[in-house]
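Engineer: need the 3D shape of this:
(one chain, ligands or ions: 2)
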Amino acid sequence: MRLHQANHPLISHKLTELRKKNTSSATFRLLTEELVTLLAYEASRDLRTDEVVVETPVAEYTGKTTSLPLPLIVPILRAGLGMLNGMSKLMPNAEVGFLGMLRNEETLEPVTYAERLPEDLTGRQCYVLDPMLATGGSLSAAIEYLFRRGASDVIAICLIAAPEGVARIERDHPNGNVTVVVGEVDSHLNEKGYIVPGLGDAGDRLYGTAGPLD
Ligand code: PRP
Ligand code: URA
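Structural biologist: Numbers count the residues shown, from 1 in each chain. Ligands and ions are numbered 1, 2, ... in the order given. Model (predicted):
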């Protein structure tokens with residue numbers, strides 16, 4: 001696994017706003033979309049392209065176009081959905097597949113409740129979107145899913161990670177065909193599996209169903 005941690009003042013500024021407990025859902029959604037756009041720049045560094053010849057008004061030009069098979073964007077429901085718009089604006093010709101995963105609050109193990117992916121992902125670069133990498137259980141299972149269907153590379157974009165989650169992905173997926181691009185790596189997980197300091201429950205904060213955190 002390759003880890004890329006963004007080290008950029010604009011990303012830090014936006015993450016700080018996102019973390020504030022009084023940030024409204026509307027602002028949270030906007031910031032999430034902006035952050036994924038910034039992180040996607042690094043995440044798409046190894047996007048496969050082919051040469052293409054086009055005519056400018058002045059001359060012939062040999063440029064680049066996204067290779068086939070097209071990349072696949074995979075938001076992990078629910079929270080990853082908040083990142084989809086930003087990502088597909090940058091990669092408008094990518095296809096989109098969905099994985100619905102919910103972490104069991106007792107065991108912290110992920111449960112897959114929905115899957116809408118192409119059967120055959122042979123040779124495809126898959127961009128997984130999930131704002132939070134906590135224990136790493138959900139992302140690790142998603143990566144396994146995609147490789148079982150034939151994906152060639154998985155690039156995960158997360159806003160905030162815990163060191164425990166990063167270590168889990170490293171352990172479960174040691175090969176170079178997994179890349180994790182993350183805004184910031186926080187201190188640790190608490191006893192409930194929440195990232196500290198983190199931002200709370202990303203899905204609840206995006207969709208406005210947050211109750212008090214006890
Ligand atoms: C959150 C988050 C990740 C997962 C991370 O989703 O969006 O998918 O938890 O935790 P892990 O690294 O310990 O697996 P959650 O299960 O809360 O579902 P939601 O997106 O529907 O809120
Ligand atoms: N999922 C979240 O949404 N937040 C955390 O801190 C951990 C898992």
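Engineer: the closest residue to ligand 1 within the chain in helix, strand or coil?
Structural biologist: Residue nearest to ligand 1 within the chain: Gly203 (2.4 Å; CB to the nearest ligand atom). (Each C-beta comes from the backbone N, C-alpha and C, glycine too.) For Gly203, the assignment made with DSSP: H, G, I helix; E, B strand; the rest coil gives helix.
Engineer: hmm, the longest helix anywhere in the chain touching ligand 2?
Structural biologist: Counting by DSSP state H, the longest helix found in the chain is helix 25-43. No - using CB under 6 Å from any ligand atom, helix 25-43 never reaches ligand 2; the gap is at least 11.8 Å.
Engineer: who touches that helix?
Structural biologist: Helix 25-43 has contacts (CB atoms under 8 Å, 6 or more residues apart in numbering) with 4, 6, 8, 10-11, 14-15, 17-18, 23, 82-83, 85-87, 89-91, 127, 129, 131, 155, 157, 159, 179, 181-183, 205-208.
Engineer: now, of these, which are buried?
Structural biologist: By neighbour count, with 16 or more other CB atoms under 10 Å, the contacts of helix 25-43 hold 6, 11, 14-15, 18, 23, 82-83, 86-87, 91, 127, 129, 131, 155, 157, 159, 179, 181-183, 205-207 as buried.
Engineer: if we ignore the residues flanking it in sequence, what's nearest Tyr145?
Structural biologist: Leaving out its chain neighbours, the residue that sits closest to Tyr145 by CB to CB, 6 or more residues apart in numbering is Leu99, at 6.6 Å.
Engineer: residue most distant from the centroid, the protein?
Structural biologist: Val58 (40.1 Å; CA atoms, centre = their mean).
Engineer: fine by me, we can end here.
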